[in-house]
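[1] Need a 3D model of the following:
(one chain, ligands or ions: 2)
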Amino acid sequence: MNVFHIVDTITSIHPGSCNGYTNLTDPWRNRAFERTDWPGYPKDDRLLHNKWWRFTGIGGDRASDNCQHFAGGFIYPRDMVVNYPVNESLTPTKGSAGASSSLCRWDVIPIEWVICPGGFHVFRPLAAGHFQTGYATYIDECLKTSDTCGPDSICTNLNGTYHCTCLPGFNNTNSAEKLGTTPSCEDIDECLEYPCGEGDCKNIPASFECDCHVGYQLGPAAAPPCEDIDECLNSTICGPRSNCTNVPGKHICQCEPGYKATDPSTAPDEDNTCEGI
Ligand SMILES: [Ca+2]
Ligand SMILES: [Ca+2]
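    Ligands and ions are numbered 1, 2, ... in the order given. Prediction:
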């Protein structure tokens, strides 16, 4: 058994083939080198049929997924007009590879994609297609390394560059936010703004927590988060023959007219009940 047979065996075992792909590093694939008379024309990517491949290196690490064309003619290599999967999965996502023509629909072939651990794509053409074609690629800085934008950030690939933004709850402490630069995303200390109301604030990564004072509780939609507890919702809290009044942070119990607490030095409650005078 030679190496190629081993690769075929691995491919058949792993449907997504993150363990059984081959790197494609050809510089001519990169869209930056796109031309009508590209070196070595015609290329023949029919050879890629039914095997798993990964674009990588200076040739680009991502297939062109938007079709562009020269007016009145083909450009080479061709685009793969596909919807990339967004979640890491060994289950392939089916799409199609469309050629660059005036209609972007010349010689469309089915294709499938997988996002492998580490965030890169592998693909498999399910048909051979036209013999005068090669797949176009570009460099997606967001795929190049998982930490292009640094920790606690979101990387967005753009044509020829990339844009970093900080995750919610984090601020970029670099002076100016520029395309193609790595930010310094630091946790926002929300506690500096005293957000809890009647409670103590604890700063945590990407958020904050409130420890509400006695008489207050976290309200699901409260603003600020610590809201008064309405103790009077407990109809027996003041004991019989009494009235309950809710106030911020506490409640007040008073005996009905004609009654007084068993121990008049303290407010009535379930134990210190109101009795007839
Ligand atoms: Ca925080
Ligand atoms: Ca209260």
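[2] all contacts plus neighbour counts: C-alpha atoms, from now on.
    OK.
[3] helix, strand or coil for the residue of the stretch 1-150 of the chain found nearest ligand 1?
    In the stretch 1-150 of the chain, the residue that lies nearest ligand 1 is Gly150 (17.7 Å; C-alpha to the ion). Look at Gly150: counting by DSSP: H, G, I helix; E, B strand; the rest coil, its state is coil.
[4] quick one: contacts for the nearest residue to it once chain neighbours are set aside?
    Spatial nearest neighbour of Gly150, excluding adjacent residues (C-alpha to C-alpha, 6 or more residues apart in numbering): Thr182 at 6.4 Å. If a contact means C-alpha atoms under 8 Å, 6 or more residues apart in numbering, then Thr182 has Thr148, Cys149, Gly150, Cys164 as its contacts.
[5] rewinding a little: how near is the residue of the stretch 1-150 of the chain closest to ligand 1 to Gly160?
    To Gly160, Gly150 is 19 Å away according to C-alpha to C-alpha, to the nearest Å.
[6] When those two are compared, which one has more neighbours?
    Gly150 (17 against 11; other C-alpha atoms under 10 Å).
[7] Now do the contacts for that one.
    Thr182, Pro183, Ser184, Cys185.
[8] give me the beta-bridge partners of the last one?
    What that stands for is Cys185. Assessed by DSSP bridges, Cys185 has beta-bridge partners Asn172.
[9] Just give me the neighbour total for it.
    21.
[10] What of the third one?
    Ser184 has 21 neighbours, counted by other C-alpha under 10 Å.
[11] That one touches Phe170, doesn't it?
    No: between Ser184 and Phe170 there is no contact under C-alpha atoms under 8 Å: 9.3 Å.
[12] before we move on, the earlier item: let me have the contacts of Thr182 in CSV, extended by pLDDT.
    Shown next, in CSV, are the contacts of Thr182 (pLDDT from 0 to 100):
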residue, pLDDT
Thr148, 85
Cys149, 90
Gly150, 89
Cys164, 91
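[13] just the residues you listed now: which is nearest Glu209?
    Nearest to Glu209 out of those is Gly150 (C-alpha to C-alpha; 25.5 Å).
[14] Tell me the spacing between that closest one and Glu186.
    From Gly150 across to Glu186, the span is 11 Å (C-alpha to C-alpha).
[15] can you check Asp152 too?
    Relative to Glu186, and taking C-alpha to C-alpha, Asp152 is found at 8 Å.
[16] so what sits against both of these two?
    Common neighbours of Asp152 and Glu186, counting by C-alpha under 8 Å, 6+ apart, are Phe170.
[17] Distance across stretch 255-265, terminal residue to terminal residue?
    13 Å.
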